[in-house]
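[1] using only what follows, build the 3D model:
(one chain, ligands or ions: 2)
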Amino acid sequence: MSFEKVAIIGLGLQGGSIGLATQEFLPEVQTSGFDLDPATRARAADRGLVHQVCETAAEAVRDADLVIFCVPPGVMGEAALDVRDALRKDALISDVGSCKQSIAAALREALPDHYVIPAHPVAGTENSGPDAGFAHLFRNRWCIVTPPEHTDLVKLSQLVEFWEALGANVEIMDAQHHDLVLAVTSHLPHLIAYTIVGTASDLEDVTQSEVIKYSAGGFRDFTRIAASDPTMWRDVFLTNKEAVLTMLQRFTEDLTALQRAIRVGDGDALFEQFARTRAIRRSIIQEGQDDSRPDFGRGDHENGTKKI
Ligand SMILES: NC(=O)c1ccc[n+]([C@@H]2O[C@H](COP(=O)([O-])OP(=O)(O)OC[C@H]3O[C@@H](n4cnc5c(N)ncnc54)[C@H](O)[C@@H]3O)[C@@H](O)[C@H]2O)c1
Ligand SMILES: O=C(O)C(=O)C[C@]1(C(=O)O)C=C[C@@H](O)C=C1
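    Ligands and ions are numbered 1, 2, ... in the order given. A predicted model of the protein is given here:
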């Protein structure tokens, strides 16, 4: 492995998982970490999320040749500014943020003299904080790397090698394209889940206890997604605003078309749409991309997504 010391800023789900995975799959690499929250630092030390939990961000990045920011999207820039003067000159800067264009801009503005190669592991759960991380989070999951034009190819291949060592399948993508794709595959589904769970619990003739009692079906899957971290998701929608609004516009048009089909009794239109989406789900399963990985089910780890 090209890196000798990896510093992780933010020791929640992502930071903790990177720390644990690095220790498990790259035992020769030193890991250090910092979190703004003292209770999280204490818990990170108890769980051994990294070899060394530091009291300051500057101390964590000292001598590190890879620094990964694992904080909410809205504070990437300020977290980077915190370490600017303590960084090694040749340290590679990366992150795991869910949106790429605005985070890349914030990191580059804070650290103009460093190589910044952003990344996004498309792997997560609805849990957050220092107890949420686990070493196998990235196994067989995509990690999308969004290098800037004319990036240093050696540094890029080192970062790819790092993520592959943690078990991820790496894809290189343009940041703008990433934000558009993830707006529809990740951000919009979260917005829909937050909306539908809120709507159900707001209904005057449906009590809270009924929402819980009858949520054994499809609705239950929505409640899992809607339990995701409010800080992170507030930041995702504010930092990927344009792409989300574009996709939301398309979604609203399609929803209106279905609404009309129901109103006018157009069963063919409904059947056609549902048959098309069923085929999509089945092709995902055929390609082995469903979420029923043997290491990702109930009981295999403490805090991963449980199938419900
Ligand atoms: N949760 C997911 O499913 C998921 C998946 C892929 C990527 N991401 C991205 O990963 C990043 C982290 O998300 P997470 O799920 O690990 O969140 P998390 O809430 O579990 O962890 C974030 C941690 O950052 C700490 N923090 C906040 N500001 C800080 C600062 N200025 N300096 C140091 N620490 C600070 C918080 O105390 C917290 O412990 C986000 O940018 C998110 O978009 C999340
Ligand atoms: O499985 C989940 O709970 C997730 O929401 C993970 C998920 C996703 O939407 O796929 C959430 C945010 C990310 O940036 C990447 C992964």
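
[2] from now on I want contacts and neighbour counts done on CA atoms only, so please keep to that.
    Fine.

[3] correct me, but D90 touches L111?
    No - counting by Cα atoms under 8 Å, D90 does not reach L111; the two are 11.9 Å apart.

[4] so which of the two has more stuff around it?
    Neighbour count, other Cα atoms under 10 Å: between D90 and L111, L111 has more, with 19 against 14.

[5] so what's the more buried one up against?
    Shown in contact with L111 (Cα atoms under 8 Å, 6 or more residues apart in numbering): A80, L81, R84.

[6] repeat that for P72.
    P72 neighbours (Cα under 8 Å, 6+ apart): G97, T231, M232, D235.

[7] so which of these wins on neighbours?
    Neighbour max across the contacts of P72 (other Cα under 10 Å) = G97, 26 neighbours.

[8] re the thing from before, so which of the contacts of P72 also contact ligand 2?
    Among the contacts of P72, no residue sits close to ligand 2 (Cα under 6 Å from any ligand atom).

[9] among those residues, which ones are in helices?
    T231, M232, D235 (DSSP state H).

[10] am I right that the second one is in contact with P73?
    Yes - here M232 reaches P73: they are 6.6 Å apart, a contact under Cα under 8 Å.

[11] buried subset of the contacts of L111, written for PyMOL?
    Entered in PyMOL, the line below selects the buried ones among those, by 16 or more other Cα atoms under 10 Å:
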select buried, resi 80+84
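
[12] returning to that earlier point: farthest pair within the contacts of P72?
    Farthest-apart pair in the contacts of P72 is G97 and T231; separation 12.8 Å (Cα to Cα).

[13] where does this protein dip in pLDDT?
    The model of the chain has pLDDT under 70 over residues 288-308.

[14] tell me which residue of it lies closest to ligand 2.
    T125 (3.3 Å; Cα to the nearest ligand atom).

[15] mind checking which helix or strand that residue is in?
    Following DSSP states H and E, there is no helix or strand that holds T125.

[16] next one: T31
    Counting by DSSP H and E, T31 is part of strand 30-34.

[17] which residues does that strand contact?
    The contact list for strand 30-34 (Cα under 8 Å, 6+ apart) reads 4-11, 19, 22-23, 41, 50-57, 60-61.

[18] in PDB, list the C-alpha atoms belonging to that strand.
    Output of strand 30-34 as PDB, limited to C-alpha atoms (Å, rounded to 0.1, in the frame of the first residue of the first chain):
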ATOM      1  CA  GLN A  30      -1.300   3.600  10.600                       C
ATOM      2  CA  THR A  31      -4.700   5.300  11.300                       C
ATOM      3  CA  SER A  32      -5.400   8.400  13.300                       C
ATOM      4  CA  GLY A  33      -8.700  10.300  13.700                       C
ATOM      5  CA  PHE A  34     -10.400  13.300  15.100                       C
END
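
[19] tell me the strands beside it, with direction?
    Counting by DSSP bridges, the strands paired with strand 30-34 are strand 5-9 (parallel), strand 52-53 (parallel).

[20] ignoring the adjacent residues along the chain, who's closest to whatever residue of the stretch 201-308 of the chain ends up closest to ligand 1?
    Among the residues of the stretch 201-308 of the chain, M232 lies closest to ligand 1, at 5.8 Å counting by Cα to the nearest ligand atom. Once flanking residues are discounted, M232 sits nearest to P72: 5.1 Å by Cα to Cα, 6 or more residues apart in numbering.

[21] how near is the one you found to E78?
    Per Cα to Cα, to the nearest Å, P72 is found 11 Å from E78.

[22] please apply the same query to E242.
    Taken as Cα to Cα, the span from E242 to E78 is 23 Å.

[23] same deal with I280?
    I280 is 41 Å from E78, by Cα to Cα.

[24] and if you look at I196?
    Relative to E78, I196 is positioned 34 Å away (Cα to Cα).

[25] ok, these two, which is more surrounded?
    A direct count of neighbours by other Cα under 10 Å for I196 and E78 places I196 higher, at 16 against 13.

[26] contacts only, for that one.
    F222.
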